[in-house]
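1. with the input below, show me the fold.
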Amino acid sequence: MPEFTPQTLLRQLVRRRFWLPIASIFALSVAGMAAASMVAPSPAGQAAVAPTATPVPSPPGDASALALLGLRPRFDAADGQAFAEIVRFTQIAALPTPTAVPPTPVPPTATPVPPAPAPAPVRPLAPPPASAPVAPAPPRAPALPALDTSPMDAFEQALFDDTNRRRASVGLPPLRDNQSLVAIARIRARDMAANNYFAHTSPVTGDTAFSLMDKYGIPYGWAGENLAKNNYPIDQFVAVADNALWNSPPHHENIVGPHYTDMGVGFAQDASGMKYLAIIFTGPA
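-> Residues are numbered from 1 along each chain as shown. All right, here's what the predicted structure looks like:
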């Protein structure tokens, strides 16, 4: 069996990279043998110097660990430092070897992408503003009956001439024949005959000579009306009416009114023979 020194033993341990169990057993055997060698006589008959460390007794069976390595011991007192290094080596070797734990791969974390903002709700189109209700047009007034502008009959013409003679008697010019005024005078006479009344305002329609001229758009600045009725014979009633109007102050004033320029006369007779006469006077403003 070959001899070894502590230095060769240390090199063998490092070179062979013993497993921890064998290294531990070997450390115990070497420590025992190192203690025994330190009390043996040194070569050349010199007394050995006891080490300062307390010797550790070698446990039984330690030689078997060296035998496993194929070694036999040969130590001297100068090998103490080498044994100390071997002991320190075995202590370090006895420490648990940390097992390298591979790092756990961390899956890449995707950068959170903020969700796209939800589209704004589409507002329904506002219905077009309802147009304000339009008040229905007032019912159209019934069409006015057409004016009867035919030439004056004999009775109408007779009273027209008598009135102008009255004006001439006081030095006033005659009034002109106005067919529009003749038509208004006929409306008035016929309404009185049809509705059996005698007044300047119709109790049926509420019309007057003036409102009728306004409705038909007949212009005037000055206006007046004379009315007469009687049931005298047909050949006398015009003269009776002319005489009554001339002798009535309000009617006389109309006959000789200086502001008048135009005149129209209307005649009507009811079923009983009552005769109605109307005279309309107008002048410019």
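2. and the helices in the stretch 101-250 of the chain?
-> For the stretch 101-250 of the chain, applying DSSP state H, counting those that start in this stretch gives helices covering 154-169, 179-195, 209-215, 237-246, 249-255.
3. and the fourth one, what does it pack onto?
-> In other words, helix 237-246. On a contact count with 3 or more Cβ pairs under 8 Å, 6 or more residues apart in numbering; DSSP states H and E, helix 237-246 meets helix 154-169, strand 222-230, helix 249-255, strand 275-283. Backbone N, C-alpha and C define where each C-beta goes, glycine included.
4. how does it look with 7 Å?
-> Counting contacts by 3 or more Cβ pairs under 7 Å, 6 or more residues apart in numbering; DSSP states H and E, helix 237-246 is packed against helix 154-169, strand 222-230, helix 249-255.
5. cool, and the third one?
-> Applying 3+ Cβ pairs under 7 Å, 6+ apart, one finds that helix 209-215 contacts helix 179-195, strand 222-230.
6. now what about it, what contacts it?
-> Residues from elsewhere that reach helix 209-215 (Cβ atoms under 7 Å, 6 or more residues apart in numbering): 144, 184, 187-188, 220, 223, 225, 280.
7. who wins for neighbours among the residues you listed?
-> residue 280 (31 neighbours; other Cβ atoms under 10 Å).
8. quick check: the nearest residue to that residue once chain neighbours are set aside vs residue 136, distance?
-> The spatial neighbour of residue 280 that comes closest, neighbours along the chain excluded (Cβ to Cβ, 6 or more residues apart in numbering), is residue 181 at 4.4 Å. Per Cβ to Cβ, to the nearest Å, residue 181 is found 37 Å from residue 136.
9. who has more neighbours, these two?
-> Taking neighbours as other Cβ under 10 Å, residue 181 and residue 136 compare with residue 181 leading, 27 against 6.
10. so who does the more buried one touch?
-> Residues 262-264, 280, 282 are the ones in contact with residue 181 under the rule Cβ under 7 Å, 6+ apart.
11. any chance of those in JSON lines, plus pLDDT and distance to residue 175?
-> Output for those, formatted as JSON lines (pLDDT from 0 to 100; distance: Cβ to Cβ, whole Å):
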{"residue": "262", "pLDDT": "98", "distance to residue 175": "6"}
{"residue": "263", "pLDDT": "98", "distance to residue 175": "4"}
{"residue": "264", "pLDDT": "98", "distance to residue 175": "9"}
{"residue": "280", "pLDDT": "98", "distance to residue 175": "10"}
{"residue": "282", "pLDDT": "98", "distance to residue 175": "9"}
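12. can you tell me which of those residues are buried?
-> Listed as buried from the contacts of residue 181 are 262-264, 280, 282; burial here means 16 or more other Cβ atoms under 10 Å.
13. which one of these is nearest residue 148?
-> Using Cβ to Cβ, residue 264 comes nearest to residue 148 of the buried ones among the contacts of residue 181, at 10.9 Å.
14. which stretch of helix or strand covers the closest one?
-> Using DSSP states H and E, residue 264 sits in strand 262-269.
15. send me that strand as CSV with only the CA atoms.
-> Output in CSV follows, covering the C-alpha atoms of strand 262-269 (Å, rounded to 0.1, in the frame of the first residue of the first chain):
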residue,chain,number,x,y,z
ASP,A,262,-124.6,112.2,-57.0
MET,A,263,-128.0,110.6,-56.5
GLY,A,264,-129.8,107.3,-57.0
VAL,A,265,-133.5,106.4,-56.5
GLY,A,266,-135.0,102.9,-55.8
PHE,A,267,-138.6,101.7,-55.8
ALA,A,268,-140.5,98.6,-54.5
GLN,A,269,-144.1,97.5,-53.8
